[in-house]
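Visitor: just the structure for this:
(chains A, B, C and D)
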There are 4 protein chains.
Amino acid sequence: MEKLNVALIGTGFMGKAHSIATAVVPMLFGAPVEIERRVIVDVEEKLAKDAAKNYGFSEYSTNWREVVERPDIDIVDICTPNDTHAAIAIAAAKAGKHVMCEKPMAMSVAEAEEMLAAAKKTGVVTMVSYNYRHTPALQMAKRLIEEGRIGKLLTFRGYYLQDWGADPMAPLSWRFNKAKAGSGTLGDIGTHVIDAARLLVGEVDEVNSIVKTFVPERPLPAGHFFGQRGEASKEMGKVDVDDHALTMIKFTNGVFGTIEVTRNAYGHHNQLGFEIVGTRGTIAFDYQRLNELRVAFADDPKDAFGFRTIYSGPNQPYGDLLWPVAGMGQGYIDIKSIEWYNFLKAIAEKKPAAPNFEDGVQIERIAEAILASGESGAWEKVPR
Amino acid sequence: MEKLNVALIGTGFMGKAHSIATAVVPMLFGAPVEIERRVIVDVEEKLAKDAAKNYGFSEYSTNWREVVERPDIDIVDICTPNDTHAAIAIAAAKAGKHVMCEKPMAMSVAEAEEMLAAAKKTGVVTMVSYNYRHTPALQMAKRLIEEGRIGKLLTFRGYYLQDWGADPMAPLSWRFNKAKAGSGTLGDIGTHVIDAARLLVGEVDEVNSIVKTFVPERPLPAGHFFGQRGEASKEMGKVDVDDHALTMIKFTNGVFGTIEVTRNAYGHHNQLGFEIVGTRGTIAFDYQRLNELRVAFADDPKDAFGFRTIYSGPNQPYGDLLWPVAGMGQGYIDIKSIEWYNFLKAIAEKKPAAPNFEDGVQIERIAEAILASGESGAWEKVPR
Amino acid sequence: MEKLNVALIGTGFMGKAHSIATAVVPMLFGAPVEIERRVIVDVEEKLAKDAAKNYGFSEYSTNWREVVERPDIDIVDICTPNDTHAAIAIAAAKAGKHVMCEKPMAMSVAEAEEMLAAAKKTGVVTMVSYNYRHTPALQMAKRLIEEGRIGKLLTFRGYYLQDWGADPMAPLSWRFNKAKAGSGTLGDIGTHVIDAARLLVGEVDEVNSIVKTFVPERPLPAGHFFGQRGEASKEMGKVDVDDHALTMIKFTNGVFGTIEVTRNAYGHHNQLGFEIVGTRGTIAFDYQRLNELRVAFADDPKDAFGFRTIYSGPNQPYGDLLWPVAGMGQGYIDIKSIEWYNFLKAIAEKKPAAPNFEDGVQIERIAEAILASGESGAWEKVPR
Amino acid sequence: MEKLNVALIGTGFMGKAHSIATAVVPMLFGAPVEIERRVIVDVEEKLAKDAAKNYGFSEYSTNWREVVERPDIDIVDICTPNDTHAAIAIAAAKAGKHVMCEKPMAMSVAEAEEMLAAAKKTGVVTMVSYNYRHTPALQMAKRLIEEGRIGKLLTFRGYYLQDWGADPMAPLSWRFNKAKAGSGTLGDIGTHVIDAARLLVGEVDEVNSIVKTFVPERPLPAGHFFGQRGEASKEMGKVDVDDHALTMIKFTNGVFGTIEVTRNAYGHHNQLGFEIVGTRGTIAFDYQRLNELRVAFADDPKDAFGFRTIYSGPNQPYGDLLWPVAGMGQGYIDIKSIEWYNFLKAIAEKKPAAPNFEDGVQIERIAEAILASGESGAWEKVPR
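Guide: The predicted structure follows:
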């Protein structure tokens, strides 16, 4: 197969993560298709230039519009803030490029639907970067469920708890700004839980929510941010997005449960997780211990029954491709690399990737229903 | 102070637990008032007689009505199934006896209110046996909250997860029978969480719930039960109570969160717990590790911040009265004994005990609102 | 069977614990023999009198010599400091009384051997209070080993870590005084690990040790102690016992490993535990989580292999006699009560109890070999 | 600064890991010196050719002797089996190349000393790949110790427990062959613990050991291995190295403790860890949870004292260079990349790297003393 050229747009934290993943994926797995990291783009020239050098791209550019239409570009990788996803993705899809797009997919359902429509028209392969679903332990949960090893599912409890927003003096980065981010905690991290819920349990039917902003004002930022980190200025600004979203959730298959997401829970740094109860067992996952999956099997001998801790290794998903013994330390780079592996494999096999733009649209619909229920105080149906 | 005579009604699992606690309390703490375990009552004479001998009561009886009116009885301790609490408590209160009553207090709010009214009339000291609130680690959580050490409270997540009902062939004991138990999982164990929520956070304003019965039919029991354990017959019977209750909850002080209770979650045996997030820290408690409290303090040095595990010992509540080093193993007997210590102390000091019949009534109101919301699918106000 | 009368000598922390256990044992299990708690003894009359009242003994005395020879006494329970065990036990055994003796059994092997000889002569039932071995989770470990469920044993790592001695200003109680205590950490808590090692693995053949005193001087105590707790005076005194003992250990069956005991490890309050590796699995126990046993079984499916956490409940040892669901909270009182249950059962069945004076002697021999190796720096054989 | 060219020798598991690390290091941190991954070497041409393509090296070769003398090569990275380390390292050092060498450094102390002598002569920068010491949580332990935050050190317990050798039918790879591996478990993984011990505590003075081979025969392998994974043939071969080494250890500064290493402990996959007790606190690290460090500080408030779990993030070592929030998942790739970062930084700053060949030699001396003590059964001094 010929080599595919990648254009990466955005040089912040996610630009760095995708640069690493695209470099690592052929070494870790043997790439399903050969790629060249051709061009990296940032509106600030210095950032673009430095990134090209540090991250090993052949070229840099400050003009994503030009780049996504270049005939030598095959894959567009969108790592920019949320308010630019739609424009870039639509242009890229129109130009016939495969699109990897960081999450959340868009600023609204409407925007996401436009992106999907554009991609459908040209038939390009799409992926939304809900990276945590690619964690081997989470995929092991999926395997256990699919093989019926915890029986018929009964309940789901999903959560994503962080604490970098708990300090009221943490600066008002774009993540606290609706015009830039679309929504707050829910869009930023809650959508990861929604993705996991759909992957592991099924489609969501309706939701009933409480949505809160705990810190209504924060210091405006001073200068650039790297992910969640940056300096504060002396001036205060208004936060217009949610800090915390709590929702009850009903799936179409009868399973029910909760999703709780926050950036204000001290002690929880990046704690994405879930517990799924079935009629023959229970599965628990917590990303802060991403190498582990906890499972209780009803079929264990009665005197030796209890949650066991399974470390991801050669006997779990992707184990043949990663490290030779369990417990060596799968980390965020592994997850991001598996994400790219799955994306490239879909391109190689001319099949849809997962999660793709259709998934992304549906996740946006669920997120919007959660916010709507936060307003209405009633159960809100999720459109399909 | 003179000695007070106790009549204990009911010789099942809870009769045993209270027998032990009333024997242990003076040894463990030095009793605030001297008590004699005067008479134990069961409708079956053999059970009553054996219990008197094994549990060390001076006498036995099969007639609780007679006993609660005996002039030599000062305290009536109700350890019978839920459908008998009201009659016994009201008779005891009318006769001027202090009343300890196992939980849940009553079959309905109406019944509980009658019990409270009877107790108020004669001014007797009352307690409802929500024993888990007396756990030293949970009381330590209360101390930390009251001292402001985790700041202003933001959210509450409470749960009580068991698995003894998960097997659909687990027999249909009285706990699955509305006529005997009043309600199912919610009344049986959910009320413990409600008690903790009120103790630690405050009054509940409204609730929004999903209530489910997963196993609609079970084998009828064959013979006596000890707590949750007993034999099954071949005949099936209908379960008419809830297996699982999930509720969102709003407190009057603005805190919000969830309560989830179940008897069907494999791997969770007796997992009562909560996590409370405040503006300066987070507290987590899990009764399966009842000697431990996990707390994250925002004031820790930034490079040494994280959840710490505090073992209950001499420096935590009741520590001066219990074992000389932390980690010696506080257990259920300690908890039950502290419960009795608090009850007797209230009697000695002629003050209300906690949780008392007023608390019990309010807990019933919250439970009824949760069931009502399970029916209505909408937020239900909790009456006060 | 007739009723047996108990005389308890010593009203400190252990006197309290045994008082509770002897009261609880018939309620918890139904006593194998009926007992009366007849007389409690302390050299200080006030302590004896108060104890009789608080702990529910029929009488009190200040003269143990008289008491152990009273014809109405059947069982003598020794809860006094170590330097008095031998005299009391020998007198009691000579008088034909069954003897429960707190650990460590004696001040030296020679003393312990005399005690054993006296007991053998009259054939009384003896027990040494290595109470932790009676923990259901530890007994579950024993069951798994005996049933071959972790294969042939390979290695043993035992430890007992405390921190109440870590503060150099913690007062010099009798536990730091060789004349009163016989030895230091090793005798006080190390002997518990040796007991567990013999119970679970087998006889110890030789040892090789490092023994250290970290804090050579401490403030002398001011007034009475309760267990490890008491006030300090301004005067300093010399510590002449070990703070920390570390030993390699070889068993006669080829298993080898380590025992490490300390009172100076901050963060470890009462952390008795072990890990045993076999050819088909591994077992780990930690008393600070005494309700749990962690086991890895090689026979688990390869993709679902990992340490599981088994909570002690109805399906584990003593489970039929204790609480109806796992996770209700077995604690120190349960352990002490099981100890007494086993002792009374041995008396009822006219069989040796375990651990008895023969076990106690052998434990002393191992402890002495460890101290000898600490001096010699070489492997020391344990005599048999 | 000019660009340095790297030659990597060996395309197995470690060749893969170093390929990834050398690619990731400039992206993750900005490389202290620019490097080009110039040539990759394997004696089998197909392996070399595939590796060059998959891992992104400019060239490949089957002749390491030629390569290490090429004038365009600046750094030689040795990822071959242990029996080839010395020849390659000496040739490279003689040719004036900086040398990264996988662990264990050599087959014997004598070999290691020759390697060191060669490197000293030309003054090249050397590093031995004891990668785990670069884990941020372990470096955080070092910071806490150096800042005196757990006081003066008292004891050290180090361990490295694996289970891939527990199955007696696991094939006899080169790791079980003395002629190829030099020693067994001790050299393979025990040396990592020795490295951590020296880093965190200090120089080792003497050791006293038990060394065992549990599985004396294994099936010979069939074909290539990737790390610990490979196929078995039907023929059996003799294991001539240790499966398990247990040692007591005395440091020159008075600290003492144990090191235990095994490949036969079911349930422990890659469990490198330690616990260090000081006079003001205790630190515990376990690589299977490499993002976490557990610390108990004596200075905590008495009622809120206990082990806390610190997640490595921006506030811990290397945190400014890695991910923006704690708990994102540092993994093995991060560790390997930090290792290369430190090596390149040392080259850039013309300073010794750590651990370097001097460290490597001393680690070999300790390992040899441990094996010698396993033979003699006595304390063995470690030469300096």
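Visitor: tell me the SS of the residue nearest to residue A:55 when sequence neighbours are not counted?
Guide: Leaving aside its sequence neighbours, residue A:55 sits nearest to residue A:19 (CB to CB, 6 or more residues apart in numbering or on different chains; 3.6 Å). All C-beta atoms are positioned from the backbone trio N, CA, C, and that covers glycine. Under DSSP: H, G, I helix; E, B strand; the rest coil, the three-state class of residue A:19 is helix.
Visitor: just to check, residue A:19 is in contact with residue A:25?
Guide: No: using CB atoms under 8 Å, residue A:19 is not in contact with residue A:25; the gap is 11.3 Å.
Visitor: counting neighbours, go ahead and name the busier of those two.
Guide: residue A:19 (28 against 22; other CB atoms under 10 Å in any protein chain shown).
Visitor: how about the more buried one, what does it touch?
Guide: A:8, A:37, A:40, A:51, A:55, A:56, A:57, D:27 (CB atoms under 8 Å, 6 or more residues apart in numbering or on different chains).
Visitor: what is the neighbour count of residue A:302?
Guide: By other CB under 10 Å, the residues close to residue A:302 number 10.
Visitor: how close does it get to residue A:52?
Guide: Separation of residue A:302 from residue A:52 (CB to CB, to the nearest Å) stands at 62 Å.
Visitor: please apply the same query to residue A:339.
Guide: 22 Å.
Visitor: please say which of those two ends up with more neighbours.
Guide: residue A:339 (25 against 22).
Visitor: is the more buried one in a helix, a strand, or coil?
Guide: helix.
Visitor: so it sits against residue A:135, correct?
Guide: No: counting by CB under 8 Å, residue A:339 stays clear of residue A:135, with 9.9 Å between them.
Visitor: now the residue of chain A found nearest chain D: closest residue in space, sequence neighbours ignored.
Guide: Closest to chain D within chain A is residue A:331: 1.9 Å, counting by CB to the nearest CB. Spatial nearest neighbour of residue A:331, excluding adjacent residues (CB to CB, 6+ apart): residue D:331 at 1.9 Å.
Visitor: mind checking pLDDT for that neighbour?
Guide: For residue D:331, the model assigns a pLDDT of 97.
Visitor: equivalent analysis for the one 10 residues further on, please.
Guide: Per-residue confidence (pLDDT) for residue D:341: 97.
Visitor: kindly report the same for the one 10 residues further on.
Guide: At residue D:351 the predicted local distance difference test score is 97.
Visitor: repeat that for residue A:2.
Guide: So residue A:2 comes in at 77 (pLDDT).
Visitor: list the contacts for residue A:33?
Guide: Counting by CB under 8 Å, 6+ apart, residue A:33 has contacts A:1, A:3, A:4, A:344, A:347, A:348.
Visitor: these in strands, which ones?
Guide: Counted as lying in strands by DSSP state E, out of these, are residue A:4.
Visitor: let me know the closest of the contacts of residue A:33 to residue A:45.
Guide: Of all the contacts of residue A:33, residue A:4 has the smallest distance to residue A:45: 26.1 Å, by CB to CB.
Visitor: what's near enough to touch that closest one?
Guide: A:33, A:34, A:35, A:36, A:74, A:75, A:98, A:344, A:347.
Visitor: recalculate using a threshold of 6 Å.
Guide: A:33, A:35, A:74, A:75 (CB atoms under 6 Å, 6 or more residues apart in numbering or on different chains).
Visitor: dump the residue contacts of the nearest residue to residue A:36 once chain neighbours are set aside.
Guide: Distances taken as CB to CB, 6+ apart place residue A:5 nearest to residue A:36, at 5.0 Å, with adjacent residues excluded. Neighbour list for residue A:5: A:36, A:38, A:72, A:73, A:74 [criterion: CB under 6 Å, 6+ apart].
Visitor: which of these lies closest to residue C:94?
Guide: The closest of the contacts of residue A:5 to residue C:94 turns out to be residue A:36 (CB to CB; 93.4 Å).
Visitor: how much space separates the closest one from residue A:10?
Guide: Computed as CB to CB, the residue A:36 to residue A:10 distance reads 19 Å.
Visitor: who has more neighbours out of those two?
Guide: Taking other CB under 10 Å, residue A:36 and residue A:10 do not tie; residue A:10 has more neighbours (26 against 15).
Visitor: mind checking how far that one is from residue A:227?
Guide: Taken as CB to CB, the span from residue A:10 to residue A:227 is 12 Å.
Visitor: could you do residue A:308 as well?
Guide: 34 Å.
Visitor: can I assume residue A:161 is in contact with residue A:269?
Guide: No: with contacts counted by CB atoms under 6 Å, residue A:161 stays clear of residue A:269, the gap being 8.4 Å.
Visitor: got the buried residues for the helix or strand of chain A with the lowest mean pLDDT?
Guide: When each helix and strand of chain A is scored by mean pLDDT, DSSP states H and E, strand A:217-226 comes last, with a mean of 85. Using 16 or more other CB atoms under 10 Å in any protein chain shown as the test for burial, strand A:217-226 gives A:218, A:219, A:220, A:221, A:225.
Visitor: do stretch A:31-38 as well
Guide: By neighbour count on 16+ other CB under 10 Å, the buried set for stretch A:31-38 is A:31, A:32, A:33, A:35, A:37, A:38.
Visitor: what residue of chain A is the furthest out?
Guide: residue A:303 (40.2 Å; CA atoms, centre = their mean).
Visitor: what's the pLDDT at the nearest residue to that one once chain neighbours are set aside?
Guide: With CB to CB, 6+ apart as the criterion, residue A:303 has its nearest non-adjacent residue at 4.5 Å, and that residue is residue C:315. For residue C:315, the pLDDT comes out at 96.
Visitor: burial count for residue C:315?
Guide: 16.
Visitor: so it sits in a strand?
Guide: No: secondary structure of residue C:315 (three-state DSSP): coil, not part of a strand.
Visitor: how near is it to residue B:222?
Guide: Taken as CB to CB, the span from residue C:315 to residue B:222 is 20 Å.
Visitor: residue A:232 touches residue A:223, doesn't it?
Guide: No: judged on CB under 6 Å, residue A:232 makes no contact with residue A:223 at a distance of 9.9 Å.
Visitor: so what's residue A:309 up against?
Guide: A:292, A:294, C:306, C:307.
Visitor: three-state assignment of it?
Guide: strand.
Visitor: quick check: chain neighbours aside, which residue is closest to it?
Guide: residue C:306 (4.5 Å).
Visitor: tally up the residues packed near that neighbour, please.
Guide: 21.
Visitor: and it, that's in a helix?
Guide: No: with three-state DSSP as the criterion, residue C:306 is coil rather than part of a helix.
Visitor: phi, psi of the closest residue to residue A:162 other than its chain neighbours?
Guide: Spatial nearest neighbour of residue A:162, chain neighbours left out: residue A:263 (4.6 Å); criterion: CB to CB, 6+ apart. Residue A:263 adopts backbone torsions of phi -120, psi 10, taken as degrees, to the nearest 10.
Visitor: please name the bridge partners of the residue in the stretch 251-384 of chain A positioned nearest to chain C.
Guide: Residue of the stretch 251-384 of chain A nearest chain C, by CB to the nearest CB: residue A:308 (3.6 Å). Using DSSP bridges, the bridge partners assigned to residue A:308 are residue A:295, residue C:308.
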